[in-house]
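>>> return atomic coordinates for the entry below.
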Amino acid sequence: MARVIVVGGGWAGCSAAVSAKKAGIDEVILLERTDMLLGTGLVGGIMRNNGRFTATEEAIAMGGGDIFEAVDQVARHRNIEFPGHKHATLYDVARMEPAARRVLERYGVKYDLMARVRDITMEDQKIKSVITDKDDEIYGDVFVEATGTAGPQGQCSKYGNGCVMCIIRCPSFGPRISIASRAGIQEMIGRKADGSPGAMSGSCKLHKDSLAKSIVQELNRKGVVIVPIPAELRKAESLSVKACQQYALKEFADNIILLDTGHAKLMSPFYPLDKLRKIPGFENARYEDPYAGGIGNSMRFTALSPRDNALKVQGVDNLFCGGEKAGLLVGHTEAIVTGTLAGHNAVRHVFGKQLLVLPETLAIGDAIAHVREQMQTEAGLKLKYTFSGAQYFKRMQEKGLYTTDVNEIRKRVEAAGVTGVFCKS
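Alright, predicted model coming up:
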């Protein structure tokens, strides 16, 4: 009986597990080190903004839409706009994780929580098994790494402003490890604009009950609230450290921009609490995630795997990667689509079939290829790529890949010969 092991239960890991099952593998085991799935999806909330709409509909047309459909089922707001972003969906962060579990269960994916992988065994260039903190040894034919690139605590202290007690919860559930690194692969490190390693997570969450009632009412009704910041309280310099450079616009420096994801999502990587409380309506503000959001956020992109455009890790015969491990791709949508491809190709590898490389006539295929190419350059490692803004969204527009016409997207996918490809073995 053939078996795929997925390490990491965030967006990419969940998507890889579902995709592997749909591709016809006998058994898929998903290992997650914490007590919940989805990782940063537990505090994220934004989907379908800008080019992410295109990528989402491409994935759906290719048969990889299960997780996206679950997101739509728990949406709080649809088709909203905020500075630099259109037609966004905001999902409910409290309801999303159980919805993801139901998708896994529907496909018969076995998932084990609080199962932190601490080591691997190898034979020649192949991984034989992973070993958990409980000393369980789990064998597989092929492995998908979706462990992310944030943590452990030392990384946030070394490259950021220290551990800020975020959703990654390294102190409680142990640090992230890199499967590729354990296999002897030299990984790459993303860099900030100034050349220093990593990038800071792009937003914080405020407890709604700590905000003025008028702000909460508007937020619940419209999904977005924009509050001008007095000039003396602005902190534009923090925007350059953001992983999410699609939100590093002047409007995000001049205003408090809140999005309704159940929490009040503050579109800033951090904001000093004493300054925040001087803004009308925020006198009692309290951070929900990270708890120390007044000084910083989690550091990311410190462990990028070298991979090909089929998302196979170079240097290991049976390891694939998705999500942040696959490169400087920022966001939930980006994690879902790379995880889906990685899980699908893991099964193709087991069956001895040619690996799927998505054509560059599609936004997803172009992004995967473009980011791999850019990661080979010093300048490229300083950029962050996303369907929703910054450098890559501009590329999408220039290449004519961005559209919200669902019929046009389906025709493109059909012309590329990959309609329903993720539903096939």
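
>>> show me the helices in the stretch 301-425 of the chain, by range?
332-350, 363-374, 390-398, 406-415 (DSSP state H, counting those that start in this stretch).

>>> ok, now the chain?
Assignment of helices within the chain using DSSP state H yields the ranges 11-22, 51-61, 66-73, 93-106, 153-159, 170-173, 179-182, 213-222, 250-254, 273-276, 332-350, 363-374, 390-398, 406-415.

>>> residues in contact with the fourth one?
Outside of helix 93-106, the residues within contact range by C-beta atoms under 8 Å, 6 or more residues apart in numbering are 14, 17-18, 30, 36-38, 41-45, 66-67, 70-71, 73-74, 111, 261-263. The C-beta positions use only the backbone N, C-alpha and C, and glycine is treated the same way.

>>> show the buried residues in those.
Buried members of the contacts of helix 93-106, scored by 16 or more other C-beta atoms under 10 Å, are 14, 17-18, 30, 36-38, 41-45, 66-67, 70-71, 74, 111, 261-263.

>>> and the helices of the stretch 301-425 of the chain, which is most packed in?
helix 332-350 (a mean of 29; mean count of other C-beta atoms under 10 Å).

>>> what is the rounded mean pLDDT of that one?
In this model, helix 332-350 carries a mean pLDDT of 98.

>>> what do you get for stretch 23-43?
Per-residue scores along stretch 23-43 average to 97.

>>> pull the CA atoms of it into PDB?
Extracted in PDB, the C-alpha atoms of stretch 23-43 (Å, rounded to 0.1, in the frame of the first residue of the first chain):
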ATOM      1  CA  ALA A  23      -4.700  11.600  -7.100                       C
ATOM      2  CA  GLY A  24      -5.400   8.100  -6.000                       C
ATOM      3  CA  ILE A  25      -2.900   7.200  -3.300                       C
ATOM      4  CA  ASP A  26      -3.900   4.600  -0.800                       C
ATOM      5  CA  GLU A  27      -3.000   6.400   2.400                       C
ATOM      6  CA  VAL A  28      -2.100  10.000   3.300                       C
ATOM      7  CA  ILE A  29      -0.900  10.900   6.800                       C
ATOM      8  CA  LEU A  30      -0.700  14.600   7.800                       C
ATOM      9  CA  LEU A  31       1.500  15.500  10.700                       C
ATOM     10  CA  GLU A  32       1.000  18.800  12.500                       C
ATOM     11  CA  ARG A  33       3.000  19.900  15.500                       C
ATOM     12  CA  THR A  34       0.300  22.000  17.200                       C
ATOM     13  CA  ASP A  35      -3.300  21.200  18.400                       C
ATOM     14  CA  MET A  36      -4.900  22.900  15.300                       C
ATOM     15  CA  LEU A  37      -4.600  22.900  11.600                       C
ATOM     16  CA  LEU A  38      -4.100  25.900   9.200                       C
ATOM     17  CA  GLY A  39      -1.100  27.700  10.900                       C
ATOM     18  CA  THR A  40      -1.300  31.400  10.100                       C
ATOM     19  CA  GLY A  41      -4.700  30.700   8.500                       C
ATOM     20  CA  LEU A  42      -6.000  30.800  12.100                       C
ATOM     21  CA  VAL A  43      -5.400  34.600  12.100                       C
END
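
>>> hmm, residue 122 is touching residue 128, no?
Yes. Contact criterion C-beta atoms under 8 Å: residue 122 and residue 128 qualify, at 6.1 Å.

>>> could you dump the helices of the chain to CSV with distance to residue 145?
Output for the helices of the chain, formatted as CSV (distance: least, C-beta to C-beta, whole Å):
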stretch, distance to residue 145
helix 11-22, 9
helix 51-61, 20
helix 66-73, 18
helix 93-106, 18
helix 153-159, 17
helix 170-173, 17
helix 179-182, 4
helix 213-222, 37
helix 250-254, 32
helix 273-276, 36
helix 332-350, 8
helix 363-374, 16
helix 390-398, 23
helix 406-415, 27
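
>>> mind checking which of these is nearest residue 229?
helix 250-254 (6.1 Å; C-beta to C-beta).

>>> distance between that closest one and the chain's centre?
24 Å (C-alpha atoms, centre = their mean, to the nearest Å).

>>> what do you get for stretch 367-382?
17 Å.

>>> same check on stretch 355-362?
Using C-alpha atoms, centre = their mean, the offset of stretch 355-362 from its chain centre is 20 Å.

>>> stretch 284-299 now?
Taking C-alpha atoms, centre = their mean, one finds the center of stretch 284-299 at 19 Å from the center of the full chain.

>>> pLDDT below threshold where in the stretch 201-350 of the chain?
235-249 (pLDDT under 70).

>>> residue 283 contacts residue 277, doesn't it?
Yes. Using C-beta under 8 Å, residue 283 and residue 277 qualify as a contacting pair, with a distance of 5.4 Å.

>>> tell me how the chain divides into domains.
Recorded structural domains for the chain (assignment: automatic domain parsing) are 3-195+300-423, 199-289.

>>> just name the most buried of the ones you listed.
Most buried among those, counting by mean count of other C-beta under 10 Å: domain 3-195+300-423, with a mean of 21.

>>> distance between the ends of it?
18 Å (C-alpha to C-alpha, to the nearest Å).

>>> now do stretch 111-121, average pLDDT.
Taken as a whole, stretch 111-121 has an average pLDDT of 98.

>>> check contacts around residue 420.
Per C-beta under 8 Å, 6+ apart, neighbours of residue 420: 61-63.

>>> model confidence for it, exactly?
pLDDT, read off for residue 420, is 98.

>>> over to the one 5 residues further on?
In this model, residue 425 is scored at 71, pLDDT.

>>> residue 23 is in contact with that one, correct?
Yes. Contact status for residue 425 versus residue 23: in contact at 5.4 Å, counting by C-beta under 8 Å.

>>> so for those two, which residues contact both of them?
Joint contacts of residue 425 and residue 23 (C-beta under 8 Å, 6+ apart) are residue 347.
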